[in-house]
Every structure is written in C-alpha cells, then in structure tokens.
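1. how would this look folded up:
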Amino acid sequence: MDSAQRDRLLASAPFARLVARRWRVSLTLTALLFVMYYGYIVLIAMNKSFMAQRLSGGTPIGVPLGVAVILGSWVLTAVYIVWANRQYDPEVARLRAELERR
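-> Have a look, this model is predicted:
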C-alpha cells in the first residue's frame with residue numbers, strides 16, 4: 001500500500017467509523033476495569049469489617065475479591081483481544097483490500 005492509498009484509507013468514512021467503534025469498545029472495557037479496581041479499593045476503605053470477615057479456611061474475604069479483580073482484568077483483556085481478532089482486524093483488512101483494488 002503506497003502513501004496515497006494509506007491516506008485515502010485513513011480519510012475514509014468507513015475507517016473513521018471503525019476507529020470510533022474501537023474507541024467505544026476500549027473505553028467501555030477501561031471503564032469496567034476502573035469500576036472493578038476502584039470498587040475494590042473503596043470497599044476496603046469503607047467497609048473494612050466486611051473485607052476482614054473470614055471464609056471457611058480462615059482467609060479474609062478481601063483476598064478472593066482481590067484475586068477476582070486480577071482475573072477480571074485478564075477477562076477484559078481477553079474480551080478485547082477476541083473482539084479485535086474477530087471484528088476490528090478483518091474490517092481493517094477488508095478496507096485495505098478495497099482501497100488497493102481502486
């Protein structure tokens with residue numbers, strides 16, 4: 001792809017819509033991550049007695065909740081990767097191929 005084709009791709013309306021969709025997905029997943037993380041931090045700060053409650057093995061409930069936050073961040077990352085592989089990358093390839101045919 002030469003620079004003129006690249007410039008046409010970057011200036012095209014379908015590509016702009018695709019980029020906007022990528023931003024929406026990224027910001028949504030980022031917001032979910034912040035809610036999980038800061039929700040956990042606020043729970044620690046505001047309800048220490050709840051977080052200190054012991055589970056059956058003697059582990060405070062805050063520990064598995066912390067692990068859940070970490071695992072949740074991995075899940076959100078996986079969601080983005082799957083979305084990018086199934087939606088974003090094929091659409092970019094389609095747009096690029098369409099421009100190269102012109």
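2. low-confidence ranges in the protein?
-> Applying pLDDT under 70 to the chain flags the ranges 1, 102.
3. Show me where it has its helices.
-> All helices of the chain, identified by DSSP state H, fall at 3-11, 13-46, 48-52, 62-83, 89-101.
4. now the angle from the first one to helix 13-46?
-> Same thing as helix 3-11. 50 degrees (axes from the mean of the first three to the mean of the last three CA atoms, to 10 degrees).
5. before we move on, what about the last one?
-> With the same axes, to 10 degrees applied, the angle from helix 89-101 to helix 13-46 works out at 160 degrees.
6. hmm, who's touching helix 89-101?
-> Met1, Gln5, Arg8, Leu9, Ser12, Pro14, Phe15, Leu18 (CB atoms under 8 Å, 6 or more residues apart in numbering). Heads up, the C-betas are built off the backbone N, CA and C, glycines and all.
7. In stretch 15-25, which residues are buried?
-> Neighbour-count burial for stretch 15-25, counted by 16 or more other CB atoms under 10 Å, picks out Phe15, Leu18, Arg22, Val25.
8. Same question for stretch 56-64.
-> Gly62.
9. Span of it from start to end?
-> 12 Å (CA to CA, to the nearest Å).
10. Same check on stretch 42-55?
-> Using CA to CA, the two ends of stretch 42-55 sit 21 Å apart.
11. Compute the distance between the residue minimising distance to the centre of the chain and Arg94, please.
-> Centroid check for the chain by CA atoms, centre = their mean gives Leu29 as the closest residue, at 3.6 Å. Applying CB to CB, to the nearest Å, the value for Leu29 to Arg94 is 23 Å.
12. same thing with Val79?
-> 22 Å.
13. repeat for Arg101
-> Distance from Arg101 to Arg94, by CB to CB: 11 Å.
14. out of these two, which sits in the busier spot?
-> Arg94 (12 against 6; other CB atoms under 10 Å).
15. and that one, how far is that from Asn85?
-> Taken as CB to CB, the span from Arg94 to Asn85 is 14 Å.
16. same thing with Arg6?
-> For Arg6, the distance to Asn85 - CB to CB - is 22 Å.
17. What of Pro64?
-> 31 Å.
18. list the contacts for Leu27?
-> Counting by CB under 8 Å, 6+ apart, Leu27 has no contacts.
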